[in-house]
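S.K.: pasting the structure only:
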């Protein structure tokens, strides 16, 4: 009878090494079923215990490899993050440093000229005004080109006198000093309680000065006479001069600079036409027939009389950056000024009237307006825009109504002509006469 007992499964060739005992079924490589071992069956000829030990060692080695790779990855990622963070911090720091705009400091300017203050600081002292004569016998004058502002006012007999005002700069010689007049009060009240040096005056004028904010310094009084200088070659009444240094010493504890009375700008007024202000002529009288002429070489207006240039003590011609011609109402007053019976000329400084401002070779016409003695006049062009002055010195001319003010423009440039050549079919224009 045939044997029907099923064959025994191989001990080592199955799908799992957990079936059977590795000690059964013959020698090395001879297990039932023959052939090579399966992928999961382990090495042939090993017992289950040996295979477990081998598997355990392989797993331990594998985890060591995985751990090493993971640690290396963590190190690389950490280094990348640290580098990125450092780069970001540097970028932020750089952005913060470069984004901040540089600090700018506006220059400190002199209140009465709009020019940079000497040494960057406005001197701690009040304005100093000096009354200067302008008869032909008073000339040549001294200190006018060092003054911040000079006012020219009408006086009796169709003459004029001057008020020279100093603040940022001074002069070793100023004069000659003459007596005060009624228009001085309106000039001085806009200068923030200035020192005012003059050689006396009639009693009504001295009384008037006592009613306005001014530090009155009559050099004919002993209290102020210490500033007087008598230059050689000058004779009374044209021989009284002064220096601003000793004069400022009489200000005592007053260290307050004046407020500005003009508005300055390096830019020309909007209505200015280039070359429109070559000169201005103001014929106060035959003795004071004044012309100011623009000099591009010096960037100033030069002053002349009908008889010739207005020269100063020590040489040089009177010059300024701005000429302001204000037409003002005047009247012959009741105060008698001299033995000939000449009466005081009174100027009405409140209200409005025509004005023309010359600067940088251009002239701008408009209107002046002054609402009170404590405030300066303002200037507006025909469209109502402010008229600004060039930084620098200024002469303000108080012109009586009825005196013509004539402004002359610069001549037009020479006409140009064109010529052609026949060197080619097309002609080439050329300009000449430049």
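M.R.: Cool, got the structure. Predicted model, so just to flag it, every value in this text is computed and none were measured.
S.K.: switch to C-alpha atoms for all contacts and neighbour counts from now on
M.R.: Will do.
S.K.: now the residue nearest to the spatial centre of the chain: how far from residue 367?
M.R.: The residue at the geometric middle of the chain, judged as the C-alpha nearest the mean C-alpha position with C-alpha atoms, centre = their mean, is residue 106 (5.2 Å). As defined by C-alpha to C-alpha, to the nearest Å, residue 106 lies at a distance of 31 Å from residue 367.
S.K.: specify the local secondary structure of the residue nearest to the centre of the chain.
M.R.: coil (DSSP: H, G, I helix; E, B strand; the rest coil).
S.K.: next one: residue 294
M.R.: Per three-state DSSP, the secondary structure class of residue 294 is strand.
S.K.: domains of this structure?
M.R.: Domain assignment for the chain by automatic domain parsing gives 53-98, 118-408.
S.K.: out of those, which comes closest to residue 112?
M.R.: Taking C-alpha to C-alpha as the criterion, residue 112 comes closest to domain 118-408 out of the domains of the chain, the separation being 5.4 Å.
S.K.: what about the strands in the stretch 51-200 of the chain?
M.R.: Shown for the stretch 51-200 of the chain, the strands assigned by DSSP state E, counting those that start in this stretch span residues 128-132, 149-155, 159-166, 174-175, 195-198.
S.K.: let me have those in JSON lines, extended by mean neighbour count and mean pLDDT.
M.R.: As requested, these are exported to JSON lines (neighbours: other C-alpha atoms under 10 Å; pLDDT from 0 to 100):
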{"stretch": "strand 128-132", "mean neighbour count": "29", "mean pLDDT": "98"}
{"stretch": "strand 149-155", "mean neighbour count": "22", "mean pLDDT": "97"}
{"stretch": "strand 159-166", "mean neighbour count": "24", "mean pLDDT": "97"}
{"stretch": "strand 174-175", "mean neighbour count": "27", "mean pLDDT": "96"}
{"stretch": "strand 195-198", "mean neighbour count": "26", "mean pLDDT": "98"}
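S.K.: just so I know, which of those strands lies nearest residue 337?
M.R.: In this view, the strands of the stretch 51-200 of the chain are compared for proximity to residue 337 by C-alpha to C-alpha, and strand 149-155 is the closest at 9.5 Å.
S.K.: got the angle between the closest one and strand 128-132?
M.R.: Angle of strand 149-155 versus strand 128-132, following axes from the mean of the first three to the mean of the last three C-alpha atoms, to 10 degrees, is 40 degrees.
S.K.: who are the packing partners of strand 149-155?
M.R.: Applying 3 or more C-alpha pairs under 8 Å, 6 or more residues apart in numbering; DSSP states H and E, one finds that strand 149-155 makes contact with strand 159-166, strand 343-347, strand 394-400.
S.K.: quick one, that strand and strand 159-166 angle?
M.R.: Relative orientation of strand 149-155 and strand 159-166, computed by the same axes, to 10 degrees: 160 degrees.
S.K.: what about stretch 374-386, average pLDDT?
M.R.: Over the span of stretch 374-386, the pLDDT mean works out to 94.
S.K.: contacts only, for the closest residue to residue 266 other than its chain neighbours.
M.R.: The spatial neighbour of residue 266 that comes closest, neighbours along the chain excluded (C-alpha to C-alpha, 6 or more residues apart in numbering), is residue 390 at 5.7 Å. Taking C-alpha atoms under 8 Å, 6 or more residues apart in numbering as the criterion, residue 390 is in contact with 114, 264-268, 321-322, 359-360.
S.K.: do the same with residue 329
M.R.: Taking C-alpha under 8 Å, 6+ apart as the contact definition, residue 329 lies against 347-349, 400-401.
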